[in-house]
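*Asks:* predicted model and sequence follow; I will ask about them next.
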Amino acid sequence: MMLSTEKNCICRAVVPNAEMHRFNENLFEIVSAQNIDDGFILDLIRRDGSSPRSTVESLSGFGYVRRFEDTWFPGDCNSLDRSNLLRSYFDAVAPEYDSKISQSKNIACYKYLLKSFAKLQDRSASVLDFGCGPGTILRAIAGSKSVESVTGFDFSDEMRRIATERGLATISTSEFNALSGNAYDLITMCYVMHFQIDKAIYERLINLLKNGGAIIGNVHKDIGLSPFLDFLCTINGVDISRADSAFGSVITIRKGSHNVG
Ligand SMILES: C[S@@+](CC[C@H](N)C(=O)[O-])C[C@H]1O[C@@H](n2cnc3c(N)ncnc32)[C@H](O)[C@@H]1O
């Protein structure tokens, strides 16, 4: 079924199969339901009251969090379920992703992340773009002297396919897992950090950084910022800093010695 954006479509929720019983027809009118690998994308409206607020309140009450545009995701599922659900969601929306985001904002965010890194290191950087989506970074680095090379990684095959078609060098999950350490100066995470990436992945990313290199990303609307900062403090061998920006807090995770360039 199509992804509906009808006028009456109040909220969109990505619901794992195991939770579908909570979104029953007594409470919600399901305007459309798209089956994805690990669940459903539902466009729904609450039956009683039918106001946007009542639908939002129900989703919050169910522990759902708005993480991407108008779309809500379960806040408390285990990391494997969360990751599978997110991946199948982004596979499904990849073809229409550009029309769902404000591209100029994401491009501006990338530029901000690159500029932040240029303040730490003044030579041109090898960059890994983690969660590259359909290759938005390409439009941010056009003509940039601060980027020596850029590689994109995304766990969504569809996102990666589009990014590759657009000319971004990308790596698959198995290639990502096989990368050896000390490979990149900078790892960008543009509109990715608020998706609750696992600690093991951050540790892997830190391992991929050269000494003095950094992961720099924004936390969209500061969603989950405080637990995220607490979580980062549990990672060894890095300095963490935070700055306000128009894109939410920008977090820099810097590895090891800083006596570089
Ligand atoms: C909101 S999009 C941002 C895409 C791109 N950075 C941009 O600004 O246009 C988030 C992307 O992160 C990817 N992503 C989320 N969690 C991920 C994970 N654990 N591993 C790899 N990619 C992930 C999604 O597939 C999606 O393409």
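*Replies:* Cool, the structure landed. Numbers count the residues shown, from 1 in each chain.

*Asks:* what segments of this protein are helices?
*Replies:* Secondary structure of the chain by DSSP state H: the helices cover 52-61, 79-93, 97-100, 103-120, 137-141, 157-165, 173-178, 199-208, 225-232.

*Asks:* please name the residues that touch residue 172.
*Replies:* Residue 172 sits next to 157, 160 when contact means C-beta atoms under 8 Å, 6 or more residues apart in numbering. All C-beta atoms are positioned from the backbone trio N, CA, C, and that covers glycine.

*Asks:* any idea how far residue 153 is from it?
*Replies:* From residue 172 across to residue 153, the span is 8 Å (C-beta to C-beta, to the nearest Å).

*Asks:* so for these two, which residues contact both of them?
*Replies:* Counting by C-beta under 8 Å, 6+ apart, the contacts common to residue 172 and residue 153 are residue 160.

*Asks:* wondering if stretch 72-80 reaches the ligand at all.
*Replies:* No: applying C-beta under 6 Å from any ligand atom, one finds stretch 72-80 separated from the ligand by no less than 9.2 Å.

*Asks:* circling back: will you turn the helices of the chain into TSV that also has mean pLDDT?
*Replies:* Output for the helices of the chain, formatted as TSV (pLDDT from 0 to 100):
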stretch	mean pLDDT
helix 52-61	83
helix 79-93	91
helix 97-100	96
helix 103-120	97
helix 137-141	97
helix 157-165	98
helix 173-178	96
helix 199-208	96
helix 225-232	95
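
*Asks:* dump these to TSV, plus mean neighbour count.
*Replies:* Formatted as TSV, the helices of the chain follow (neighbours: other C-beta atoms under 10 Å):
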stretch	mean neighbour count
helix 52-61	16
helix 79-93	19
helix 97-100	14
helix 103-120	18
helix 137-141	20
helix 157-165	19
helix 173-178	12
helix 199-208	16
helix 225-232	14
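
*Asks:* residue 72: which of those is closest?
*Replies:* When these are compared by C-beta to C-beta, helix 52-61 sits nearest residue 72, at 4.8 Å.

*Asks:* which residues are in contact with that closest one?
*Replies:* Outside helix 52-61, the residues that touch it by C-beta under 8 Å, 6+ apart are 10-11, 13, 27-28, 44-46, 48, 66, 72.

*Asks:* distance to residue 32 for the helices of the chain - can I get that in CSV?
*Replies:* Formatted as CSV, the helices of the chain follow (distance: least, C-beta to C-beta, whole Å):
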stretch, distance to residue 32
helix 52-61, 14
helix 79-93, 13
helix 97-100, 16
helix 103-120, 25
helix 137-141, 31
helix 157-165, 20
helix 173-178, 30
helix 199-208, 33
helix 225-232, 32
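
*Asks:* just so I know, which of these lies nearest residue 249?
*Replies:* Go through the helices of the chain one by one with C-beta to C-beta and the one that ends up closest to residue 249 is helix 225-232, at 5.7 Å.

*Asks:* so which of the helices of the chain is nearest residue 247?
*Replies:* helix 103-120 (4.3 Å).

*Asks:* counting contacts, what elements does the closest one pack onto?
*Replies:* Secondary-structure packing of helix 103-120 (3 or more C-beta pairs under 8 Å, 6 or more residues apart in numbering; DSSP states H and E): strand 125-130, helix 137-141, strand 184-189, strand 209-219, strand 249-255.

*Asks:* the domain parsing of the protein - what is it?
*Replies:* Listed by automatic domain parsing, the domain ranges of the chain are 11-100, 103-255.

*Asks:* and residue 39, how far from the ligand?
*Replies:* For residue 39, the distance to the ligand equals 15 Å [C-beta to the nearest ligand atom, to the nearest Å].

*Asks:* again, but for residue 54
*Replies:* Here residue 54 is placed at a distance of 27 Å from the ligand (C-beta to the nearest ligand atom).

*Asks:* for residue 29, same thing?
*Replies:* Taking C-beta to the nearest ligand atom as the measure, residue 29 falls 28 Å from the ligand.

*Asks:* ditto for residue 149
*Replies:* Going from residue 149 to the ligand by C-beta to the nearest ligand atom gives 17 Å.

*Asks:* once you drop chain neighbours, what's closest to that residue?
*Replies:* Closest residue to residue 149 apart from its sequence neighbours, by C-beta to C-beta, 6 or more residues apart in numbering: residue 126 at 4.9 Å.
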